[in-house]
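> Predicted model follows, preceded by the sequence.
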Amino acid sequence: MKIYNTLTNKKEKFIPIEKGKVKMYVCGPTVYNYFHIGNARPLIFFDVVKKFFEYFGNEVILVRNVTDIDDKLINRSIEEKIPVTEIAEKYTKAFFDDCKALEINPADHHPKATEYISDMINLIKELEEKEFAYEVNGDVYFSVSNVEGYGKLSGKKLEDLQAGARVEANKQKKHPADFTLWKKAKPGEPKWASPWGEGRPGWHTECVVMSRKLLGGTFDIHGGGIDLVFPHHENEIAQAEASNNKKLANYWMHNGYLNIEGEKMSKSLNNFFTARDILKKYDAEAIRFFFLSKHYRSPIDFNEDIIKESSQAVKNLYNTIKSADYLNIIDNKFKFTEIHLQHKNNFVTAMNDDFNTAKAISVLFDITKTYNKTKDPGFIHLLIELGNVLGFFLDLKEKLSNDLSDISGELIELLISYRIRLKHEKNWEMADRIRNDLKEMGITLKDTPEGTDWNIEK
RNA sequence: GGCGACAUCGCCAAGUGGUAAGGCAAAGGUCUGCAAAAUCUUUAUCCCCGGUUCGAAUCCGGGUGUCGCCUCCA
């Protein structure tokens, strides 16, 4: 298993700290808004990372934090005219709802920043004692100049940062790259008591504190979007390692951006879609396919045509599963033979190479093709098993059984039986009319040598 | 200004030294009363120029183009 490590800019062999156990921390949402479809990328991708490790019997502990206090929430609170805590509550709930709709598994822990304030204060105190932090008028800053190797994750040098600074430096800071550990509260803002007065923690501290508490001083994988490399993760490393002299995480994984029509998704350009809006038009699996059909580190361009293509591709996979009468073989135990294991091996090899999901998906299509040629149900079992690793074909029983009351189902069967009679009588006009009318209602009929199948289309 | 990424068929995309996976779309054939599904067949020499090599999409240099990051900040 090889993983591309942002820290070294190389693919490295993955060796967990503890055999059979993988500890992951992936930066989660700041709950000030509904998350957009670009935010769904790390959620879906790291969901797959977890599933793949688990496929090999590893125990995975995934932590995904919820940032429920920061400037964005405060601004939002002013906009919506409701308290910050209610903003946080509202959008935290929305976050979990949307994840569920996207068929993303919950993490094992979802720590909230506001629940770790005292731990953060303790860390900041420690940093102050060790002279990595300084206080100015109730604000506390981290002094990057005191850290050896600052910039090692993002490949930036302090001199360059200074030279390239496009924003006027905060005059309180000793160095422009110094970042806030504790921010003094303005009147009316949420606040907590601290040795430096009332205020709130800075952005980067929560992840250090929460990962340390839930995963230990050093853990295996730290993940997130590429935009978090600098300054967020860089600053996490700086304060974590300054305080305990231990590596924060061994492997740093970052997913690429989602662009829309070639441009970065951004609020000011008004070119973003919330995940919940996209879900109104497309299935969770189409969205998943869209993301996984490209390597996670590449930028990906979002447009509806491509989601539609993805949707069609997923549908074709389902066609094969349906044609295999999967519901009737689902409970059969199946033992894979050499021929199946070859395909499985292709899949695993692809995934072992820094999670090459695009290639892994192509293996699913190979399997489908082979099934259609051989009609060997083993391939359907394999397709489902490997699809599950990528988060496809979950809850198949529910998805495949036609979601109608018994009576409606019986009515359709009745219509089909009449249509069969009409077909025997070569009354094609009426037979087609039944099929077309049902199609308009979203029910598709398919004549096969074994009889007529029906499906409900979305 | 500094740092970095990317450029492969109509579209999406894998492939990092050995002669271009896969998906979607399109065309034609088989099957079918017709559909649908399935199946068979067809479509690229990899942005440009130069170099290294027996051999490069893959390595090196130059060019062009697109994009990202550069501090609590919208």
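Perfect, thanks for sending it.

> So residue A:173: helix, strand or coil?
Secondary structure for residue A:173, judged by DSSP: H, G, I helix; E, B strand; the rest coil, is coil.

> Tell me where the stretch 101-250 of chain A has helices.
A:117-129, A:158-164, A:205-215, A:234-244 (DSSP state H, counting those that start in this stretch).

> could I get those as JSON lines with mean neighbour count and mean pLDDT?
C-beta: built from backbone N, CA, C; applies to glycine. As requested, the helices of the stretch 101-250 of chain A are exported to JSON lines (neighbours: other Cβ atoms under 10 Å; pLDDT from 0 to 100):
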{"stretch": "helix A:117-129", "mean neighbour count": "18", "mean pLDDT": "94"}
{"stretch": "helix A:158-164", "mean neighbour count": "12", "mean pLDDT": "63"}
{"stretch": "helix A:205-215", "mean neighbour count": "23", "mean pLDDT": "94"}
{"stretch": "helix A:234-244", "mean neighbour count": "23", "mean pLDDT": "91"}
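
> For residue A:329, which of the ones you listed is the nearest?
Smallest distance to residue A:329 across the helices of the stretch 101-250 of chain A (Cβ to Cβ): 40.9 Å, for helix A:205-215.

> Now find how far off-centre the closest one is within its chain.
Its chain's C-alpha centre lies 20 Å from the corresponding centre of helix A:205-215 when counted by Cα atoms, centre = their mean, to the nearest Å.

> now swap in stretch A:243-255 and tell me
Remark: stretch A:243-255 is offset 20 Å from the chain centroid, using Cα atoms, centre = their mean.

> Put the alpha carbons of it into PDB.
Extracted as PDB, the C-alpha positions of stretch A:243-255 are listed here (Å, rounded to 0.1, in the frame of the first residue of the first chain):
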ATOM      1  CA  SER A 243       4.600  21.600  22.400                       C
ATOM      2  CA  ASN A 244       5.500  17.900  22.600                       C
ATOM      3  CA  ASN A 245       8.300  17.400  20.100                       C
ATOM      4  CA  LYS A 246       6.500  14.600  18.500                       C
ATOM      5  CA  LYS A 247       5.400  14.200  14.900                       C
ATOM      6  CA  LEU A 248       1.800  15.100  14.600                       C
ATOM      7  CA  ALA A 249       0.900  12.700  11.800                       C
ATOM      8  CA  ASN A 250       3.000  10.300   9.700                       C
ATOM      9  CA  TYR A 251       1.100  10.700   6.400                       C
ATOM     10  CA  TRP A 252      -0.600  13.800   5.100                       C
ATOM     11  CA  MET A 253      -3.200  13.300   2.400                       C
ATOM     12  CA  HIS A 254      -4.800  16.100   0.500                       C
ATOM     13  CA  ASN A 255      -7.600  16.000  -2.100                       C
END
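
> What residues sit buried inside it?
For stretch A:243-255, burial by neighbour count (16 or more other Cβ atoms under 10 Å) applies to A:243, A:248-255.

> related to what we said a few turns ago, and the helices of the stretch 101-250 of chain A: which comes nearest residue A:272?
When the helices of the stretch 101-250 of chain A are compared (using Cβ to Cβ), the closest one is helix A:205-215, at 24.4 Å.
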